[in-house]
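Peer 1: Build the 3D model from these lines:
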Amino acid sequence: MIMDKKTTVKNPDFSKILKRYEDQWVALSEKKDRVISSGKTLKELGATIKLNPSAVVMKVPSFEATLSPFNR
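Peer 2: Just a heads-up that it's a prediction; the model follows:
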């Protein structure tokens, strides 16, 4: 079966969603469009993760830091 339609995936604008959560752990909704919980440690999100197994958990880096890939 050949598909002719192109699928476009729109990425959420994390700069707006995560602005208030610098240097914290966050649990995002399954659609990744809102923060459902946050905390200074991953352990603080434990109950949220158990209640929302489809939540996306990530650490929001410091906005002062620069991230770059390791290159040898």
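
Peer 1: isn't there a strand covering residue 36?
Peer 2: Yes - using DSSP: H, G, I helix; E, B strand; the rest coil, the secondary structure at residue 36 is a strand.

Peer 1: my guess is it meets residue 27, correct?
Peer 2: Yes - contact criterion C-beta atoms under 8 Å: residue 36 and residue 27 qualify, at 5.1 Å. Quick note: C-beta positions are derived from backbone N, CA and C, even for glycine.

Peer 1: Report the set of residues contacting both of these two.
Peer 2: Listed as contacting both residue 36 and residue 27 by C-beta atoms under 8 Å, 6 or more residues apart in numbering are 48, 52, 55.

Peer 1: Among those, which one lies nearest to residue 66?
Peer 2: Of all these, residue 66 sits closest to residue 55, with 27.9 Å by C-beta to C-beta.

Peer 1: how about residue 21, what does it touch?
Peer 2: 35, 38, 60.

Peer 1: Would you mind measuring from the second one to residue 66?
Peer 2: Taking C-beta to C-beta, to the nearest Å as the criterion, residue 38 is separated from residue 66 by 23 Å.

Peer 1: Among those two, which residue is more densely surrounded?
Peer 2: residue 38 (17 against 6; other C-beta atoms under 10 Å).

Peer 1: mean confidence score for the strand or helix carrying residue 27?
Peer 2: Per DSSP states H and E: residue 27 is located in strand 25-28. In this model, strand 25-28 has a mean pLDDT of 96.

Peer 1: What of stretch 56-68?
Peer 2: Stretch 56-68 comes out at a mean pLDDT of 85.
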